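Trainee: Build me a structure from this.
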Amino acid sequence: MGLQLGQIVAALGGCLEGGDPQTPITRIAPLESADAHSISFLHNPRYAAQLAQTQAACVIVAPAMREAALAHGACITTPDPYAYFARLTQLWQAQQPPAWPQGVHPTAVVHPEALVDPSASVGPHCTIERGAVVGAQTVLRARVHIGQGCTIGERCILHPGVVIGADGFGFAKQNGQWQKIEQLGAVVIGDDVEIGANTCIDRGALDDTVIADGVKIDNLVQIAHNVKIGAHTVIAGNTGIAGSAKIGAHCSIGGAANILGHLQIADGTSISPTSMVTRSIHKPDLYTGIFPIQTNAEWEKNAASLKQLSQLRERIKKLEKALNALTEDK
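Mentor: Take a look at the predicted model:
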């Protein structure tokens, strides 16, 4: 399997320079491991040294790196090499036969009152409960569970072990015991959403949990009941989002971050990995920290001060000693 350089440019655009359009490409590879039949890309100028040493047949670069790339050999110039690379992987994958064809795998269990679009792919051992809806061209990998009344939009990808619509964690304490609050809402997922392996999205207690169009969620993420996540937000692995939190559109949530319940996060906000969000964020910025969360710039200043804490303590001791000596002299 492979493509010619000319076919790649015809499909994705860009400008091929210094190379033959009929050159066969059999692999997409990093600069350091590419061979004479590989195509690679350079997105970050910090790795420009690898460009001079790569064996790649062609490298995708920004216009600013054109001369350096041509000194090596063939290149495709494009304003955003990383986005071009992403679209190239999609083109490449499209040449491969699908892991599972359209339709429902024989081992899947689909309730008679569920609605699965004929163009969807439901993999081995999936379960789709009563009233659930799976949209056109959506792919459910192995062992995905879609709970009662939940809706999955079009062109979504749910990786193995995803659970949509399990009960939210709702209990009321009475006389030292916990009374279950039945979770009566559902989960509504928009179009073009991708959800990583073993991620769980709980159904709402009364209203629905909502994941908007274009959201990308990594593996092992927990999204609690009644959470709302805005369009095109990305959430990295091991993140936990507590109930009724509202995450804006175009946000970036780093791995293992935690967001407390009933908070609001402004559109365009970025949260650094392992940060603990304990209050609402109304102004978009990059936020970092455990407690309290603060802008990344503030956190860096405080972290630098913390490194000098022992030195500052010794200086204070010396100042106090000198002050005490002056006081005694008087």
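Trainee: if I look at the residue lying closest to Ala256 once chain neighbours are set aside, how far off is Gly165?
Mentor: In space, Ala256 comes closest to Asn238 once its chain neighbours are excluded; the distance is 4.3 Å by C-beta to C-beta, 6 or more residues apart in numbering. To be clear about C-beta, it is placed using only N, CA and C from the backbone, and glycine gets the same treatment. Asn238 sits 21 Å away from Gly165, taking C-beta to C-beta, to the nearest Å as the criterion.
Trainee: more crowded one of those two?
Mentor: Just comparing Asn238 and Gly165: by other C-beta atoms under 10 Å the higher neighbour count belongs to Gly165, 27 against 17.
Trainee: shouldn't that one be in contact with Thr151?
Mentor: No. Under the criterion of C-beta atoms under 8 Å, Gly165 makes no contact with Thr151, lying 9.6 Å away.
Trainee: quick one: buried residues of stretch 310-328?
Mentor: Buried residues in stretch 310-328, counted by 16 or more other C-beta atoms under 10 Å: none are found.
Trainee: residues in contact with it?
Mentor: Ser305 (C-beta atoms under 8 Å, 6 or more residues apart in numbering).
Trainee: CA atoms only for that stretch, dumped as PDB, please.
Mentor: The C-alpha trace of stretch 310-328 is given here as PDB (Å, rounded to 0.1, in the frame of the first residue of the first chain):
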ATOM      1  CA  SER A 310      15.400  28.100  52.100                       C
ATOM      2  CA  GLN A 311      17.700  30.900  51.100                       C
ATOM      3  CA  LEU A 312      15.200  33.500  52.000                       C
ATOM      4  CA  ARG A 313      14.700  31.800  55.400                       C
ATOM      5  CA  GLU A 314      18.400  32.000  56.100                       C
ATOM      6  CA  ARG A 315      18.500  35.700  55.100                       C
ATOM      7  CA  ILE A 316      15.600  36.500  57.400                       C
ATOM      8  CA  LYS A 317      17.400  34.700  60.300                       C
ATOM      9  CA  LYS A 318      20.500  36.800  59.700                       C
ATOM     10  CA  LEU A 319      18.500  40.000  59.500                       C
ATOM     11  CA  GLU A 320      16.600  39.100  62.700                       C
ATOM     12  CA  LYS A 321      19.900  38.300  64.500                       C
ATOM     13  CA  ALA A 322      21.400  41.600  63.400                       C
ATOM     14  CA  LEU A 323      18.200  43.500  64.500                       C
ATOM     15  CA  ASN A 324      18.300  41.800  67.900                       C
ATOM     16  CA  ALA A 325      22.000  42.800  68.300                       C
ATOM     17  CA  LEU A 326      21.200  46.400  67.500                       C
ATOM     18  CA  THR A 327      18.300  46.400  70.000                       C
ATOM     19  CA  GLU A 328      20.500  44.900  72.700                       C
END
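Trainee: Now do that stretch, average pLDDT.
Mentor: Stretch 310-328 shows an average pLDDT of 86 in the prediction.
Trainee: tell me, which helix in the protein spans the most residues?
Mentor: Secondary structure of the chain per DSSP state H: the longest helix is helix 309-329.
Trainee: what's the offset of that one from the middle of its chain?
Mentor: The gap between where helix 309-329 is centred and where its chain is centred comes out at 51 Å by C-alpha atoms, centre = their mean, to the nearest Å.
Trainee: what's the answer for stretch 187-203, then?
Mentor: Once both centres are worked out by C-alpha atoms, centre = their mean, stretch 187-203 turns out to sit 12 Å from its chain's centre.
Trainee: Likewise for stretch 78-88?
Mentor: Distance, centroid of stretch 78-88 to centroid of chain: 18 Å (C-alpha atoms, centre = their mean).
Trainee: Go through that stretch and flag the buried ones.
Mentor: By neighbour count on 16+ other C-beta under 10 Å, the buried set for stretch 78-88 is Thr78, Pro81, Tyr84, Phe85, Arg87, Leu88.
Trainee: same question, stretch 167-182
Mentor: Across stretch 167-182, burial judged by 16+ other C-beta under 10 Å covers Gly168, Gly170.
Trainee: What ranges in the stretch 1-150 of the chain fall below the confidence cut-off?
Mentor: Applying pLDDT under 70 to the stretch 1-150 of the chain flags the ranges 1.
Trainee: Thought Arg66 was touching Arg77, still the case?
Mentor: Check again: residue 77 is Thr, not Arg. Yes. With contact defined as C-beta under 8 Å, Thr77 reaches Arg66; the gap is 5.2 Å.
Trainee: Now do the strands in the stretch 201-330 of the chain.
Mentor: Counting by DSSP state E, counting those that start in this stretch, one finds strands in the stretch 201-330 of the chain at the ranges 209-211, 216-217, 222-223, 228-229, 234-235, 240-241, 246-247, 252-253, 258-259, 264-265, 270-271, 276-277, 286-288, 294-295.
Trainee: closest to Ala94 out of the ones you listed?
Mentor: Closest to Ala94 of the strands of the stretch 201-330 of the chain, according to C-beta to C-beta: strand 216-217, at 19.3 Å.
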